[in-house]
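Visitor: Quick one, what's the 3D model for this:
(2 chains)
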Amino acid sequence: MRLHMQNLFIALFLLIPLSVSDVAAESLLAGEEIARRINARNEGEVVSRFITMAMTDRSGTERVRETKSLRKYFGKEKRTIIFYLSPSNIKDTAFLTYDYPEADRDDDQWLYLPAARKVRRISASDRGDYFLGTDFTYEDIRKETKVGIADYSWKTLGEETIDGHRCFLVEEIPVNEKTAQELGYSKVQSWIDAEIWMVRQAKYWDVAGNPLKTLQVREITLIQDIWTAHQLSVENHKTGHKTVFTFKDVNYGQSVKDEMFTEDALRRGY
Amino acid sequence: MASSYATCGILALAGLLIAASALAESTPDETKSSQLSNHRFSAVLESEAAYGITRDRADKMEMVLDPQWEYRWSEDTRITGIARLYTEGFDHLEPGRLSQGEVSPNSRRLQLGDRTDIELREFYLRTQLWGMHLTLGKQQVVWGKTDGLKLLDVVNPQNFREFILDNFDDSRIPLWTLNAELPIGGGNLQFLWIPDRTYHRLPQAGATFAFSSPLIVPQAPPGVAVNLRPLERPNNIVMDSDIGMRFSRFWHGWDLTVNYLYHYADFPVFFQSVFLAPGGATVTVNPRYERNHLIGGSVSNAFGNLTVRGEAIYNTDRFVLTMNRRDGDGVIKSGEIAYVLGLDWSGIQDTLVSFQLFQSWLLHPADGIVRDTLDTTSTILLRRHFLNETLETEVLWLQSVNQGDGLIRPKISYELRDNLKIWTGFDLFYGDRNGLFGQFDRNDRLVIGMEMGL
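Guide: All right, here's what the predicted structure looks like:
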């Protein structure tokens, strides 16, 4: 009888870790599901805001750009236009991008340079190039707080707390070498808020596997029932350069004309 | 007097449109008022100096101040004014007092001496009315997207005091224009009426970049006197206005435009007549402007790392100098077809490699003309950014395939602060002095400059 009881206790002891693991596994969503929820989050059909772009190099020299940004959905296609307002020597510089929902369709983008008063078509394969001197890539500008599901394979690593918020830690590996080269990353780790499905923090590794940059998303509040990030900051670990985007006067209710998202609107300016 | 009436008419029309637009529009958006006041003032100060390497002298010491004022009446209506104070230390580019004969009286610069002038660069009302975007006033209208040379970008004339070396934004001469743009058919239809009869500013004799190539100016044989008559500029506001139309559309990934311009070509035509007298021959040159119909279009698209750009035009009346002494006026008229193909490759991060091929065919060539029936020019632009685009390096190379002459422009610029940029570079001409570029072979120069936003 004593031997039998001992065997029972041993069996129960061995089962405890397994049970806990099973319970833990059930609460971790699959990476792809998390990505879908990020992209399913409502970011408004239209948004108008001012963005202050502050860029600081390793020596502390700061450059500040004041811009006006408009974004609008045309069906599932997302169009974004950014007008530079100051300083005056780059005033009227403007950028326009069309982000198509099809994974295999190259996005279209244009850049207006006031020194020549001409609109230049920009290759969409420049996704990993940095946007006009910032530490955000063109892809980052297009996606904002959304993600490119088809570009990565997704794996949930666990849960962590960021600024008091429960977050899923997800690892993203580009699906192939070509995509990695286009995006400029070999790996991304993102901390996604488990309640509002927005990235709060992300770390990036370059194509050689070295730590590249860290993104912080702060001052997330509800505006017109839409979760809105008011500050995005990126620190580039290779160059020591830092970029902070601050969003002000965010308005999801403003009517914005379709013609504001055309090449002609780039030339007319804001 | 007629020009003044035109200006007053445009301004009066602007006033009426402001009133009509104000009545039609809603209250200005409150969210903007917290960020932008209705008035916006800014200025750009630019200074550039050049040292002539071959001439071994300072060629230029230029200071330009461009204050800009903007009043935003509403979301859709604003008035913009840009003035310019220009001063140059050595008076080599536009020596002496300017005649400004090619400029309409209400577009002329006010000269404060031989080296300093002020002008109203741009002054326009921009509004929306009946679904149209209206821009009324003195402005630049830019067609075309080429680097270094122009094909479709012919709406505004150009100041050639530095040949083609100036930024096009600075060398382009704004015109008093009615510019209406109407969204239609998924695209944008633009209509231009240009009563301002202002044409290219060509450097006068003795200027650093005065033209000497036979491709541009008549060449008198040795011993023959030349009598250059004053420019005959069109002066009828109605009959001599330019009009233009452009339809642009983004279609299945393609940027497409169709363009039409009925205009006086901005280069004067140097009609010549020879008078034989016992004391010798005299050539009288009568520069006049001639009408032309320009019909053209442009395309651009991006394919992976490669962006393709193209422009093509047909000019009905192109005037070319001829050396055929049997020709009565030294000029032949021909139709012209011209195109440019541009390829931009960005396969390397922060790097642009751009190639352009320009070709021009004369449809009705004649014996003795100063240029080839088929004229070809190629350009290559290499550009790379460093340090988060604070440092930019580039080389632009233009070469005439026919003449073998060309221009190489290496440049490096650095953004010291968010509103301060400095640069240095070279302008290096080479080739036969009869060529478009080779005529300036002695004008090689080192350039340094600074631009500050105020």
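Visitor: Please, where are all the helices along chain A?
Guide: Here chain A has its helices, by DSSP state H, at A:2-27, A:31-40, A:138-143, A:177-183, A:263-268.
Visitor: Determine which of the ones you listed shows the lowest mean per-residue pLDDT.
Guide: Mean pLDDT is lowest for helix A:2-27 among the helices of chain A, at a mean of 49.
Visitor: Show me the shaky parts of chain A.
Guide: Applying pLDDT under 70 to chain A picks out residues A:1-27, A:126.
Visitor: most centrally placed residue in it?
Guide: By Cα atoms, centre = their mean, chain A has its centre lying nearest to A:Thr145, at 3.7 Å.
Visitor: Nearest residue to it in space, please, no chain neighbours.
Guide: A:Met198 (5.4 Å; Cβ to Cβ, 6 or more residues apart in numbering or on different chains). In this view, the C-beta of every residue, glycine as well, is placed from N, C-alpha and C.
Visitor: Could you tell me how many residues sit around that neighbour?
Guide: A count of neighbours around A:Met198, defined by other Cβ atoms under 10 Å in any protein chain shown, yields 20.
Visitor: Name the nearest residue to the residue of the stretch 251-400 of chain B found nearest chain A, sequence neighbours excluded.
Guide: Of all residues in the stretch 251-400 of chain B, B:Glu389 sits closest to chain A, at 3.6 Å by Cβ to the nearest Cβ. Once flanking residues are discounted, B:Glu389 sits nearest to A:Gly133: 3.6 Å by Cβ to Cβ, 6+ apart.
Visitor: which ones are touching that neighbour?
Guide: Taking Cβ atoms under 8 Å, 6 or more residues apart in numbering or on different chains as the contact definition, A:Gly133 lies against A:Met55, A:Arg63, B:His385, B:Asn388, B:Glu389, B:Thr390, B:Glu415.
Visitor: which one of those sits closest to B:Val401?
Guide: Nearest to B:Val401 among these: B:His385, at 30.2 Å, using Cβ to Cβ.
Visitor: Tell me how far the closest residue to B:Ser241 other than its chain neighbours lies from chain A.
Guide: Nearest residue to B:Ser241, sequence neighbours excluded (Cβ to Cβ, 6+ apart): B:Pro195, at 4.6 Å. Between B:Pro195 and chain A the distance, using Cβ to the nearest Cβ, to the nearest Å, works out to 22 Å.
Visitor: For residue 187, list each beta-bridge partner.
Guide: Just so you know, I chose chain A. A:Trp205 (DSSP bridges).
Visitor: ah, no, chain B please
Guide: For B:Gly187, the beta-bridge partners are B:Ile184, B:Arg249 (DSSP bridges).
Visitor: That one: neighbouring residues, count only.
Guide: Neighbourhood size, B:Gly187 [other Cβ under 10 Å]: 19.
Visitor: For it, which residues are in contact?
Guide: Going by Cβ under 8 Å, 6+ apart, the list of residues near B:Gly187 reads B:Phe247, B:Ser248, B:Arg249, B:Phe250, B:Trp251, B:Leu256.
Visitor: Nearest to B:Asp375 among those residues?
Guide: Nearest to B:Asp375 among the contacts of B:Gly187, with distances taken as Cβ to Cβ, is B:Leu256, at 26.3 Å.
Visitor: Just give me the neighbour total for that closest one.
Guide: B:Leu256 has 16 neighbours, counted by other Cβ under 10 Å.
Visitor: Run through the stretch 1-150 of chain B and note the low-pLDDT ranges.
Guide: The model of the stretch 1-150 of chain B has pLDDT under 70 over residues B:1-36.
Visitor: And the strands in it, which stretches?
Guide: Assigned by DSSP state E, counting those that start in this stretch, the strands in the stretch 1-150 of chain B fall at B:39-52, B:57-72, B:78-88, B:110-111, B:116-129, B:132-139.
Visitor: Adding distance to A:His241 and mean neighbour count, write those strands out as JSON lines.
Guide: Formatted as JSON lines, the strands of the stretch 1-150 of chain B follow (distance: least, Cβ to Cβ, whole Å; neighbours: other Cβ atoms under 10 Å in any protein chain shown):
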{"stretch": "strand B:39-52", "distance to A:His241": "26", "mean neighbour count": "18"}
{"stretch": "strand B:57-72", "distance to A:His241": "30", "mean neighbour count": "18"}
{"stretch": "strand B:78-88", "distance to A:His241": "34", "mean neighbour count": "18"}
{"stretch": "strand B:110-111", "distance to A:His241": "46", "mean neighbour count": "12"}
{"stretch": "strand B:116-129", "distance to A:His241": "36", "mean neighbour count": "20"}
{"stretch": "strand B:132-139", "distance to A:His241": "38", "mean neighbour count": "22"}
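Visitor: Can you check which of those strands gets nearest to chain A?
Guide: Proximity to chain A (Cβ to the nearest Cβ) singles out strand B:39-52 among the strands of the stretch 1-150 of chain B, at 3.5 Å.
Visitor: Dihedrals phi and psi, the residue of the stretch 101-250 of chain A found nearest chain B?
Guide: Among all residues of the stretch 101-250 of chain A, A:Gly133 sits closest to chain B, at 3.6 Å; criterion: Cβ to the nearest Cβ. Backbone torsions for A:Gly133, taken as degrees, to the nearest 10, come to phi 80, psi 0.
Visitor: B:Asn388 now?
Guide: Taking degrees, to the nearest 10 as the convention, B:Asn388 sits at phi 50, psi 50.
Visitor: you'd agree the residue nearest to the centre of chain A is up against A:Val217?
Guide: Yes. With contacts counted by Cβ atoms under 8 Å, A:Thr145 reaches A:Val217, the gap being 6.8 Å.
Visitor: which residues do the two both contact?
Guide: The overlap between the contact sets of A:Thr145 and A:Val217 (Cβ under 8 Å, 6+ apart) consists of A:Met198, A:Val199, A:Ala229.
Visitor: got the buried residues for stretch A:186-196?
Guide: For stretch A:186-196, the neighbour count (16 or more other Cβ atoms under 10 Å in any protein chain shown) marks A:Ser186, A:Lys187, A:Val188, A:Gln189, A:Ser190, A:Trp191, A:Ile192, A:Asp193 as buried.
Visitor: And for stretch B:360-380?
Guide: Within stretch B:360-380, the residues scored as buried using 16+ other Cβ under 10 Å are B:Ser360, B:Leu362, B:Pro365, B:Ile369, B:Val370, B:Arg371, B:Asp375, B:Thr377, B:Thr379, B:Ile380.
Visitor: quick one: contacts for B:Asn402?
Guide: B:Arg371, B:Asp372, B:Leu374, B:Asp375, B:Thr376.
Visitor: run the last query once more with 6 Å
Guide: B:Asp372, B:Asp375 (Cβ atoms under 6 Å, 6 or more residues apart in numbering or on different chains).
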